[in-house]
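[1] Sharing a model prediction with you, sequence too.
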Amino acid sequence: MTTRTDRFAPGDRVRTRSADPAGHTRLPGYARGAVGVVVEPAGAHPLADDRARGVVGPARAVYHVRFAATDLFGAGDHTVTVELWEDYLSPVEEQP
Amino acid sequence: MSGDHVSSVISARVRRVEDLLEGRGLLDAGEIDRRIDEFAAGGSPANGARVVARAWVDPGFASRLLADANTALGELGLSMSGGLQEQRLKVVANSAAEHHVVVCTLCSCYPIALLGPSPSWYKSEAYRSRVVRDPRGVLREFGVELPAETQISVWDASAESRYMVLPRRPEGTGALSEAELAGLVTRKGLIGTALV
C-alpha cells in the first residue's frame, strides 16, 4: 500500500469508518461513522491498530479532522478535532 | 480501554510482567523507572510558559510557532524529542473568537516536555469523556466562563501529535518583561482549562 500524505487536502470532507474493531484502535468511539473536515496533514506513522498487535507496517498518513459537535453527539455548538489515520477515512463526494 | 490509571489489578499485572522480563534477562531491574525518569527529565510547565511569553512579545515567533511548532521550539533551546522519537507539536492560539482546549480521550497523551507531568484530572475518566461533549460546562467548572459568541474547539490527541494552547495575552501587561509574562502562564492555561 502506498502512502501519500496529500491524499486529503485541508477542507476536504471525509467520513470515518463505523466498524467497531475487535482490537486496539485510535478512532475514538464517539467519532465513528461521522463526517468531518480535514484541517491539515499531521505526518505519517505506522498504524497504531497494527502496532498493538505486534505488526510493524509502513508509515500511513495522519490527518487532523474537525467535526461539528452536533454531528458527533446530536448537540453542542463546539467542534472536536481528532487526529486520524487515513485508514479510518473515506472521501465524501460533494452533493451538487 | 485504559480507563482510570490507578488500578491495583493493573499495577499487579504490570509488576508481574516486569518480573518475567527481568527473570529472562530482557530488562534490567529498575530500567523502566529509569526510562520514565529520562522521559520526564526537564519537562516543566515553565517551558511551555516561556514559549507563550516569547510568542506574546514576538509576533514573528508566534507565526513560526503556529506554522511549525517543532522548529520554532528550537529557537528557545526546547524540543519534543525526549521520547523514543520526536513527537509532532501542534500549537493552537486562543482569540476573542475561538478558545481551544486539549484532551486525550483514549488515554492521557500530553506534551510532557512543555507542560511537565500531567495533572490527575487530565487523566480522569470524567474529564476525558465530558470535555468533548460539553466543553463549555467543563470549563465553567474550572471557573472559565466564556462569552456565548466564543467558539470552543476541542483537540483530541488520539494519534502521534501533541497539542499546546497559546493563551491570549492578558490586558494591562504591556509593561511586563518576557520573564514576568512567563510567570503569568499556568499549566491549565496551556491545556485550555484556564484563560492564562
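    Yep, that arrived.
[2] B:Lys90 against B:Leu166, yeah?
    No - counting by Cβ atoms under 8 Å, B:Lys90 stays clear of B:Leu166, with 10.8 Å between them. Bear in mind the C-beta positions are built from the backbone N, C-alpha and C, glycine included.
[3] for chain B, which helix is longest?
    For chain B, the longest helix by residue count, based on DSSP state H, is helix B:8-23.
[4] So for it, what gets flagged as buried?
    B:Glu18 (16 or more other Cβ atoms under 10 Å in any protein chain shown).
[5] and if you look at stretch A:83-96?
    By 16+ other Cβ under 10 Å, the buried positions in stretch A:83-96 come out as A:83-89.
[6] sorry, back to before: centre of the chain versus the longest helix of chain B, how much separation?
    Distance, stretch centre to chain centre, for helix B:8-23: 28 Å (Cα atoms, centre = their mean, to the nearest Å).
[7] on that earlier part again, just put the buried residues of stretch A:83-96 in CSV and tack on pLDDT.
    As requested, the buried residues of stretch A:83-96 are exported to CSV (pLDDT from 0 to 100):
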residue, pLDDT
A:Glu83, 97
A:Leu84, 97
A:Trp85, 95
A:Glu86, 95
A:Asp87, 94
A:Tyr88, 96
A:Leu89, 96
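[8] do you know how far B:Arg168 is from chain A?
    18 Å (Cβ to the nearest Cβ, to the nearest Å).
[9] the helices in chain A, which residues?
    With helices called from DSSP H, chain A shows them at A:48-51, A:69-73.
[10] Nearest to B:Lys188 among these would be which one?
    Taking Cβ to Cβ, helix A:69-73 is the member of these nearest to B:Lys188, at 22.2 Å.
[11] near chain B at all, the closest one?
    Yes - Helix A:69-73 reaches chain B (Cβ under 8 Å from any Cβ of the partner chain) through A:69, A:72-73.
[12] Return the member of those residues nearest to A:Arg7.
    For these, the residue nearest A:Arg7 by Cβ to Cβ is A:Leu72; the value is 23.1 Å.
[13] And for that closest one, the neighbour number?
    Using other Cβ atoms under 10 Å in any protein chain shown, A:Leu72 has 23 neighbouring residues.
[14] who's in contact with the worst-scoring helix or strand of chain A on mean pLDDT?
    Lowest mean confidence among the helices and strands of chain A (mean pLDDT, DSSP states H and E): helix A:48-51, at a mean of 90. Applying Cβ atoms under 8 Å, 6 or more residues apart in numbering or on different chains, the external contacts of helix A:48-51 come out as A:21, A:23-26, A:56-57, A:85, A:87, B:159.
[15] out of those residues, who's nearest B:Asp28?
    For the contacts of helix A:48-51, the nearest to B:Asp28 is A:Val56 (24.5 Å; Cβ to Cβ).
[16] Verify the contact between that closest one and A:His45 for me.
    No - checked against Cβ under 8 Å, the pair A:Val56 and A:His45 is beyond contact range at 11.6 Å.
[17] how about the CA coordinates for the least confident helix or strand of chain A, as PDB?
    Coordinates of the C-alpha atoms in helix A:48-51 are reproduced here as PDB (Å, rounded to 0.1, in the frame of the first residue of the first chain):
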ATOM      1  CA  ALA A  48      -1.400   2.100  15.900                       C
ATOM      2  CA  ASP A  49      -4.000  -0.700  15.400                       C
ATOM      3  CA  ASP A  50      -1.300  -2.900  13.800                       C
ATOM      4  CA  ARG A  51       1.400  -1.900  16.200                       C
END
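[18] Quick check: buried residues in that helix?
    Buried positions in helix A:48-51, judged by neighbour count with 16+ other Cβ under 10 Å: A:48-50.
[19] same for the top strand by length along chain A, what does it pack against?
    Longest strand of chain A, by residue count under DSSP state E: strand A:35-46. Applying 3 or more Cβ pairs under 8 Å, 6 or more residues apart in numbering or on different chains; DSSP states H and E, one finds that strand A:35-46 contacts strand A:13-16, strand A:59-68, strand A:79-85.
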